[in-house]
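**Q** Just to be clear, the model below is a prediction. Sequence and coordinates:
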Amino acid sequence: MNWIREENYAERMKAEAEPYVAKRMTSGRFERAIGEPIYYEHFQADQPHAVIVISHGFTESIHKFTESIYYMLQAGYEVWGLDHRGHGRSFRENANPFVVHSERFENYVLDLKYLTEKAVKPAVGNLPVYLYCHSMGGCIGAWTIEAYPTLFQKAVLSSPMLGLSFGKIPVPVMYLGASLKGIGEKRKEPLSPVNAFPEAPDFENSCDSSECRYLYYHQKRLEDPGLQTTAPSIGWGKEAVKACARVCSKKHTARIEIPVLLFQAGNDTVVKNASQDLFASRVKNCRLECVPGMKHELYMTDSERLIPYWETVFDFFA
């Protein structure tokens, strides 16, 4: 495995990882519903022995996972991933380009199911199909493997959004406030005003534990307006709260049949680790791995922690 370490990180990404991944990438769009095009990418490994479908996090896109895909391809996994609605190159349900809005959280699930059933499985034959998720993508992934237990054969949930953290504000108070404020078209407005992408980097307040990785992707976002989503709408916040409660319920966790590996970031301030603990305790075949001291985005941490992280993922899939 050719790992990209911190020394000359951006240069090595541009010289090694980016060309390797781009050479193996094709892209397309599908419309599960008319007028709602969803962008996806497919990466062909040289001799694949299995397939990984990526479900990215809030305000992200498949473009953020170039380094991750580089390792997946080297490990012999064919890779597919989509830009969830409201993100990246997929269609938006609101006018503000910096705000993510979704009318129904379940639409994320149905989009992921559609991609897997209509594009991935017909193309890969008998290869096993696994799911890799991060944050919001983990909530989408959890819902998907609960509702469609045989769609994937294994799933990795990395810092999954199974419970949102609003600091000192209790979730019910936040939900009630959003319900009162987000009436009619106001549901598409941001929870807090936002009309621009912050150009100055702010690593200290980011979700990353690796500064070089943070700066590398921040530059990508500056260059591509499609990657500049930064905030949730009022409606998205309400839908996310309801989705977290749903996927952690006894009724739905009992439907999960496949093996699950859940990574927990020890210093996560974005999602609730307690909700991840609850989910893991209710899923009959769930392995919980805590990475002490790390922030939310475990796939964007330093090489000392990142390499064992990916080795654990690949061992689990293998």
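**A** Ah, there it is.

**Q** quick one, what contacts residue 193?
**A** Listed by Cβ atoms under 8 Å, 6 or more residues apart in numbering, the contact set of residue 193 is empty. In this view, the C-beta of every residue, glycine as well, is placed from N, C-alpha and C.

**Q** With residue 116 instead?
**A** 53, 80, 129, 151, 152.

**Q** Among the residues you listed, which pair sits farthest apart?
**A** Largest separation among the contacts of residue 116 by Cβ to Cβ: 80 and 151, giving 12.9 Å.

**Q** ChimeraX command to pick out the buried ones of the contacts of residue 116?
**A** Restricted to buried positions by 16 or more other Cβ atoms under 10 Å, the ChimeraX selection for those reads:
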select :53,80,129,151,152
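
**Q** pLDDT weak spots in the chain?
**A** The model of the chain has pLDDT under 70 over residues 166-184.

**Q** So which residue is dead centre in it?
**A** In the chain, the centroid-proximal residue (Cα atoms, centre = their mean) is residue 56; its distance is 2.1 Å.

**Q** That one: what's it in contact with?
**A** 62, 64, 65, 81, 83, 84, 87, 134, 135, 136, 137.

**Q** The closest residue to residue 292 other than its chain neighbours: neighbour count?
**A** Counting by Cβ to Cβ, 6 or more residues apart in numbering, residue 266 is the residue found nearest to residue 292 once chain neighbours are left out, at 4.0 Å. Neighbourhood size, residue 266 [other Cβ atoms under 10 Å]: 12.

**Q** Now do the helices in the stretch 101-250 of the chain.
**A** Per DSSP state H, counting those that start in this stretch, the stretch 101-250 of the chain carries helices over the ranges 106-115, 121-124, 136-147, 171-181, 211-223, 234-247, 250-253.

**Q** Please identify the most buried of those helices.
**A** Compared across these, helix 136-147 shows the largest average neighbour count, a mean of 26 (mean count of other Cβ atoms under 10 Å).

**Q** got the angle between that one and helix 234-247?
**A** Orientation check (axes from the mean of the first three to the mean of the last three Cα atoms, to 10 degrees): helix 136-147 against helix 234-247 gives 50 degrees.

**Q** could you say what helices and strands helix 136-147 packs with?
**A** If contacts are counted by 3 or more Cβ pairs under 8 Å, 6 or more residues apart in numbering; DSSP states H and E, helix 136-147 sits against strand 50-55, helix 106-115, strand 129-134, strand 154-158, helix 234-247, helix 250-253.
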